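>>> Turn this into a model:
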Amino acid sequence: MPALAHLECRQGKERRHVNRESERIYDEFLVAAAATGDRRALSRLIARWQPRLQRHAWRLLGDAERAKDMAQESWMEILRGLARLNDVAAFPAWAYRIVTRRCQREFRRKDREPFEPEDEASEGIADVRESGSGEFAAELSIVMDAIGMLPGPQRAALALFYIDELSVAEIAIATDVPPGTVKTRLMHARRKVRAILEGETQ
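Predicted structure coming up:
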């Protein structure tokens, strides 16, 4: 039985990898087509990426309404620069960075700290929770609650790494910080999540 469970787990991971690669290829096609003025491709690109960019803004801001505004405003800059994007594979990190910088400007403009995370605002966390069932779903929900308690930059880095599956180099671009900072944020985020799950306080 353990061998069968291991095989099923491995097959599940392989299917997810194939699906993830297919999604990336499709996104790259949409970016390339949209850059040439294909309106249908642009519409599909926006429909696919608006929720992702909004989730990224929420991770940084902790506020649903502000996150929605930042994502919408970011599209104006994305659309202006799309034709100048030389590498379509770089679109995710590039688009996330635009949102990151918008959020940073929002911090400075408001001259205040970001809001505390809202329980119902994290659409990304809700999506991940719904992907599980039974005991696994309950455990996953606990983990995602712990992630939601992290500071914005750490929460964003962890989500981009584990949920969006970006590399450290891509996350560095997306969050507009050096790769070393990304590694540090991931390290501290993992430690804090582990501490929360173990009932510790730091």
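>>> Show the residue spans covered by the helices in the protein.
Taking DSSP state H as the criterion, the chain carries its helices at 2-35, 39-61, 64-81, 91-110, 123-130, 134-148, 152-162, 168-175, 179-197.
>>> what would those helices look like in JSON lines with mean pLDDT and mean neighbour count?
(Glycine included, C-beta is placed from N, CA and C.) Converted to JSON lines, those look like this (pLDDT from 0 to 100; neighbours: other C-beta atoms under 10 Å):
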{"stretch": "helix 2-35", "mean pLDDT": "71", "mean neighbour count": "12"}
{"stretch": "helix 39-61", "mean pLDDT": "94", "mean neighbour count": "20"}
{"stretch": "helix 64-81", "mean pLDDT": "93", "mean neighbour count": "17"}
{"stretch": "helix 91-110", "mean pLDDT": "89", "mean neighbour count": "19"}
{"stretch": "helix 123-130", "mean pLDDT": "45", "mean neighbour count": "17"}
{"stretch": "helix 134-148", "mean pLDDT": "64", "mean neighbour count": "15"}
{"stretch": "helix 152-162", "mean pLDDT": "91", "mean neighbour count": "22"}
{"stretch": "helix 168-175", "mean pLDDT": "96", "mean neighbour count": "20"}
{"stretch": "helix 179-197", "mean pLDDT": "91", "mean neighbour count": "16"}
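>>> Could you give the number of residues near residue 84?
7 (other C-beta atoms under 10 Å).
>>> what residues are up against it?
For residue 84, the contact set (C-beta atoms under 8 Å, 6 or more residues apart in numbering) is empty.
>>> Repeat that for residue 45.
27, 30-31, 34.
>>> what's the closest of those to residue 63?
Proximity of the contacts of residue 45 to residue 63 was ranked by C-beta to C-beta; the top entry is residue 27 with 27.1 Å.
>>> The closest one and residue 155, how far apart?
Distance of residue 27 to residue 155, computed by C-beta to C-beta, to the nearest Å: 23 Å.
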